[in-house]
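[1] Attaching a predicted model along with its sequence, questions to come.
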Amino acid sequence: MGAEIGTLAGSVATVGTAVAAGVTFGQVPAINKAVVATAEYTAKHAQNTNLRHIGEAAGSAVATVGCAVVYGATFGQIEGLNRAVKATAQHTAKSGITVATERGDRWNCPRLE
């Protein structure tokens, strides 16, 4: 939950500093550095959100289906496409495992008594 809150706070800060940089037409180096710093902060926190993992798994699943449909339409005659189907399917599985593991770890936290 902390990563989600950090992502939200970072997003607000990034938007604020980016607007300030736009208003000053990028002429204030300190504001430009602040935009970079807040964007990096936001990206760091967004990497560890559960939503990011779910989105990655869903996007990868769509890519796998798309590749598989084209694979079927070409009867497997394109070697690069064959590798793409395999790679996207493996990535989908890996992403799905990450989602399941992260959710499972959050639900199965031991109680502190």
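    In hand now; what should we look at? All values reported here derive from a predicted model rather than from experimental measurement.
[2] got a list of what Ala18 touches?
    Applying C-beta atoms under 8 Å, 6 or more residues apart in numbering, we find Ala18 in contact with Val35. No exception for glycine: its C-beta is placed from N, CA and C like everyone else's.
[3] Please report how far it lies from Ile31.
    Distance, Ala18 to Ile31, by C-beta to C-beta, to the nearest Å: 9 Å.
[4] Same check on Ala63?
    Taking C-beta to C-beta, one finds Ala63 at 38 Å from Ile31.
[5] which ones are touching the residue nearest in space to the middle of the chain?
    The residue lying closest to the centre of the chain (C-alpha atoms, centre = their mean) is Arg52, at 4.1 Å. Taking C-beta under 8 Å, 6+ apart, we find Arg52 in contact with Ala46.
[6] For the host helix or strand of it, which residues meet the burial criterion?
    Counting by DSSP states H and E, the element that carries Arg52 is helix 50-73. Neighbour-count burial for helix 50-73 flags 52-54, 56-57, 60-61, 63-64, 67, 71 (criterion: 16 or more other C-beta atoms under 10 Å).
[7] Now do Val99 against Ala43, distance only.
    According to C-beta to C-beta, Val99 stands 20 Å off from Ala43.
[8] higher neighbour count, the two?
    Val99 (17 against 12; other C-beta atoms under 10 Å).
[9] and the gap between Thr101 and Ala89?
    19 Å.
[10] related to what we said a few turns ago, what's the most distant pair in the buried residues of helix 50-73?
    Arg52 and Tyr71 (27.9 Å; C-beta to C-beta).
[11] What is the longest helix anywhere in the chain packed up against?
    Longest helix in the chain, counting residues (DSSP state H): helix 79-107. Under the contact criterion of 3 or more C-beta pairs under 8 Å, 6 or more residues apart in numbering; DSSP states H and E, helix 79-107 touches helix 50-73.
[12] okay, the angle between the helix it packs on and helix 79-107?
    Going by axes from the mean of the first three to the mean of the last three C-alpha atoms, to 10 degrees, helix 50-73 is angled at 150 degrees with respect to helix 79-107.
[13] shaky segments in this structure?
    1, 103-113 (pLDDT under 70).
[14] where does Lys44 land in three-state SS?
    For Lys44, the secondary-structure state derived from DSSP: H, G, I helix; E, B strand; the rest coil is helix.
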